[in-house]
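K.L.:
quick one, fold the following:
(chains A and B)
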Amino acid sequence: MTTTSSSTSSNEVGVDDLRYRIRHSAAHVLAQAVQDLFPGTALGIGPPIENGFYYDFAVETPFTPEDLKRIEKRMKEIIKQGQRFERRVTTPTEAKAELAKEPFKLELIDVLTNAAVKTSSEITTDMAADIGGEELTIYDNVDPRTGERKWGDLCRGPHVETTKEIPAFALTRIAAAYWRGNEKNPQLQRIYGTAWESQEKLDEYLHLLVEAEKRDHRKLGAELDLFSFPEEIGSGLAVFHPKGGVVRKLMEDYSRERHEQAGYEFVYSPHVAKSRLFETSGHLQWFADGMYPPMQLDIERDADGETKRPAQDYYLKPMNCPFHTLIFRAKGRSYRELPLRLFEFGTVYRYEKSGVVHGLTRARGFTQDDAHIFCTPEQMPAELDSLLTFVLDLLRDYGLSDFYLEISTRDPSKSMGTDQEWAQATAALQYAAEKQNLPLTLDEGGAAFYGPKISVQAKDALGRSWQLSTIQVDFQLPQRFDLEYQDSDGTRKRPIMIHRALFGSMERFFAVLLEHYAGAFPPWLAPVQVVAIPVSKEHTPYLEDIVGRLRTQGVRAEIDDGDDRMQKKIRNAQTRKVPFMLIAGEQDASAGRVSFRYRDGTQDNGIAIDDAVERVLDAIRTRTQV
RNA sequence: GCCGACGUGGCGCAACUGGUAGCGCACUCGACUUGUAAUCGAGCGGUUCGGGGUUCAAGUCCCCGCGUCGGCUCCA
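P.N.:
Numbers count the residues shown, from 1 in each chain, chains lettered A, B, ... in the order given. Sure thing, here's the model as predicted:
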């Protein structure tokens, strides 16, 4: 599942937390089991993580699922022994002698004991969790009866007292991971596991995984006939089918309506542009890796085949901002026009590495609900403030309600502009974010190349966090494009640009909603809102009248007049996750009434037709879930 | 991009250590006409992702592409 990790999750573990100790200890048991079963396996690192733990190993042949079962069995034996975790302080020299056969541990000792390196970003959080500390310590696993040392690992702890205090765990998957997270380093084999303070908690977590799999938007997308990724088009490039098209159109329509009310103006821009544009914007310098290679057009040759006029490079656009700056620049601008808010559902293309493409949440072509706000420095704080409120309100209308904010700051190695500009922009964002009274976290060095950002993270029905909206302050593009407006005193000034996308991308937001609702969209978004089911054929005309009434009111209502039995029709509507089933047989028809069945199986029988129609319309109008 | 797994009719799966493909759902047709999750019967549908190779014989083995999945790195 593609979620950003959440630091406010209830699963978060602090160093002293019981779960942290259980998971860290489980990682040690895992490593001991692996070294028992596969002698000579060198160890990487094995920290606790959200919901579990992992350990990296250097092995000749990757682990198989069968190996995993054996390892799990061995771990259970170790846990049963009740080995004690014993802390032992050591020195670099001693530790190196002891761990002479562990090349990766030797490297860690060097990194840890080298003060110059220690303060740098060389040490990742996971590494620090695993081995970092003021002094070097080794944790030994000791047989409680004989006192014999069974195993040990360079580690700062803390751990549980004995392995018996690992009440419930499971190994979940095998994967490869680069040593120290750097793709230039060798790849190790990583085993992931999950561990909890009780069997119930473990079962709960495993159930959550099953639930998440059922809700997987890629699966639901096929089942509900919403979208697909035809191989012929290319990896990461989706087509929306009619049913998915309805949902997407409704999402866009409502968004448009709200943007109109909030003072945005709609613009359109093409999908390709000459290299010059992206040179000016800085994309070719800073974002080229994420762009499709150029198309070379308009080359002219003479009779000998010699080039008379060189080719022009055209690029697919990876972002909409350069185009919007050109709209701003298309004429002289006055302070009276500011803030100028330009909105576009802009489709962009990014050359994602083949291994990262993931359904609609990580596509190579996607449509941003993108806007760029050009304003004066004085207007910026108020604009950011109202913008954040607007964002959160709109997301709530789509059924999300659990948010936290994240501020991403500059990565000096991947950005342009001056420190002062970045500081000013970051401060403005910080101020706006704090006013919202939502949890706020810091993502150091996570900003785009042109400016810092606030992102709105939303949690879905399963408690998973998704990065949705981003709001970025940008001093750079106005400079690079030499944007100006004339102020009231007649002088020319440079506007500030705010980039913002609420849904991030329509495709990703579609996927988030699909998973959030497990395919059971609220009536206002449901592709089919009502299915009418006659008990027998003779009641079809009766229901046709009602369906006709609903349709004239704009309701997406159908009648199932096929040859199936009623029970089958109910099952079909249920599988399609239609919010309202309207059923009528002799009883209802003779009384001018109709019966409801909902997706959860509840029914509400004998409702007067007027009331039934109003009930449907009301749910749609108020965007409530049924 | 890297490591590993995988790729069989629209979908979900089956086919022993190589002997030219079966099932369920969906779809089409026919019969049945039934108050809250699957009526019965018949039929249509696959050059087993693409291209090469090994073999008397390849869905099964080998190579190269393309794509998917789980991670790593990266990211909306």
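K.L.:
buried residues, the helix or strand where residue A:78 lies. List them.
P.N.:
Assigned by DSSP states H and E, residue A:78 falls within helix A:65-81. The neighbour-count check on helix A:65-81 (16 or more other C-beta atoms under 10 Å) flags A:67, A:68, A:70, A:71, A:72, A:74, A:75, A:78, A:79, A:81 as buried. For every residue, glycine as well, the C-beta is placed using N, CA and C.
K.L.:
name the residues that touch it?
P.N.:
Applying C-beta atoms under 8 Å, 6 or more residues apart in numbering, the external contacts of helix A:65-81 come out as A:26, A:29-30, A:32-34, A:36-37, A:63, A:141, A:143-144, A:150, A:163-164, A:166, A:169-171, A:174, A:191.
K.L.:
apply 10 Å and report the result again.
P.N.:
With contact meaning C-beta atoms under 10 Å, 6 or more residues apart in numbering, helix A:65-81 is reached by A:25-26, A:28-38, A:59, A:61, A:63-64, A:141, A:143-145, A:150-151, A:162-167, A:169-174, A:189, A:191-193.
K.L.:
that one and RNA strand B in contact?
P.N.:
No - judged by C-beta under 7 Å from any atom of the strand, helix A:65-81 and RNA strand B are separated, with a smallest distance of 8.3 Å.
K.L.:
could you identify the helix or strand that succeeds that helix?
P.N.:
Sequence-wise, the next helix or strand downstream of helix A:65-81 (DSSP H and E) is strand A:84-90.
K.L.:
which other helices and strands contact that next one?
P.N.:
Applying 3 or more C-beta pairs under 10 Å, 6 or more residues apart in numbering; DSSP states H and E, we find strand A:84-90 packed against helix A:18-37, helix A:92-98, strand A:136-142, strand A:149-154.
K.L.:
repeat the analysis, applying 6 Å as the threshold.
P.N.:
Identification of packing neighbours for strand A:84-90 by 3 or more C-beta pairs under 6 Å, 6 or more residues apart in numbering; DSSP states H and E yields strand A:136-142.
K.L.:
out of the buried residues of helix A:65-81, flag the one nearest to residue A:381.
P.N.:
If you rank the buried residues of helix A:65-81 by distance to residue A:381 using C-beta to C-beta, residue A:68 comes first, at 53.9 Å.
K.L.:
look at that closest one and report its pLDDT.
P.N.:
The model reports residue A:68 with a pLDDT of 85.
K.L.:
which residue is the nearest non-sequential neighbour of residue A:221?
P.N.:
Nearest residue to residue A:221 in three dimensions, chain neighbours excluded: residue A:227, at 4.9 Å (C-beta to C-beta, 6 or more residues apart in numbering).
K.L.:
what's the pLDDT at that neighbour?
P.N.:
Note on residue A:227: pLDDT of 94.
K.L.:
beta partners for it?
P.N.:
residue A:240 (DSSP bridges).
K.L.:
wait, it sits on residue A:246?
P.N.:
No - counting by C-beta atoms under 6 Å, residue A:227 stays clear of residue A:246, with 11.6 Å between them.
K.L.:
the more surrounded of these two?
P.N.:
Shown here are residue A:227 and residue A:246; by other C-beta atoms under 10 Å, residue A:227 has more neighbours (25 against 19).
K.L.:
OK, contacts around that one?
P.N.:
If you count contacts by C-beta atoms under 6 Å, 6 or more residues apart in numbering, residue A:227 has them with A:221, A:238, A:240, A:241, A:244.
K.L.:
just the buried ones from these?
P.N.:
Going by neighbour count (16+ other C-beta under 10 Å), these have A:221, A:238, A:240, A:241, A:244 buried.
K.L.:
mind checking which helix or strand the residue of the stretch 101-250 of chain A at minimum distance from RNA strand B is in?
P.N.:
Going by C-beta to the nearest atom of the strand, RNA strand B is nearest to residue A:175 of the stretch 101-250 of chain A, at 2.8 Å. Here residue A:175 is covered by strand A:168-178, with elements defined by DSSP H and E.
K.L.:
and the next helix or strand past that strand?
P.N.:
strand A:187-196.
K.L.:
which SSE is immediately downstream of that following strand?
P.N.:
By DSSP H and E, the next helix or strand past strand A:187-196 is helix A:199-215.
K.L.:
the helix or strand just after that following helix - contacts with which helices or strands?
P.N.:
Once helix A:199-215 ends, the next helix or strand along the chain (criterion: DSSP H and E) is helix A:217-223. On a contact count with 3+ C-beta pairs under 6 Å, 6+ apart, helix A:217-223 meets helix A:506-516.
K.L.:
okay, and residue A:394 sits in which element?
P.N.:
Per DSSP H and E: residue A:394 is located in helix A:380-397.
K.L.:
so how far is that helix from its chain's centroid?
P.N.:
The chain centroid and the centroid of helix A:380-397 are separated by 20 Å under C-alpha atoms, centre = their mean, to the nearest Å.
K.L.:
now do the buried residues in it.
P.N.:
Result for helix A:380-397 [16+ other C-beta under 10 Å]: buried residues A:380, A:381, A:383, A:384, A:385, A:387, A:388, A:390, A:391, A:392, A:394, A:395.
K.L.:
so residue A:472 belongs to a helix, correct?
P.N.:
No - applying DSSP: H, G, I helix; E, B strand; the rest coil, one finds residue A:472 to be strand, outside a helix.
K.L.:
OK, contacts around the closest residue to residue A:364 other than its chain neighbours?
P.N.:
The spatially closest residue to residue A:364, leaving aside those adjacent along the chain, is residue A:236, at 3.4 Å (C-beta to C-beta, 6+ apart). Under the criterion of C-beta under 6 Å, 6+ apart, the neighbours of residue A:236 are A:352, A:357, A:363, A:364.
K.L.:
let's see 10 Å
P.N.:
Contacts of residue A:236 (C-beta under 10 Å, 6+ apart): A:229, A:349-352, A:354, A:356-360, A:362-366, A:507.
K.L.:
distance of the closest residue in space to residue A:332 that isn't next to it in sequence from residue A:373?
P.N.:
Leaving aside its sequence neighbours, residue A:332 sits nearest to residue A:486 (C-beta to C-beta, 6+ apart; 6.7 Å). In this view, residue A:486 and residue A:373 are 18 Å apart by C-beta to C-beta, to the nearest Å.
K.L.:
wait, a helix at the residue nearest to residue A:364?
P.N.:
No - Residue A:236 is assigned coil when assessed by three-state DSSP, not a helix.
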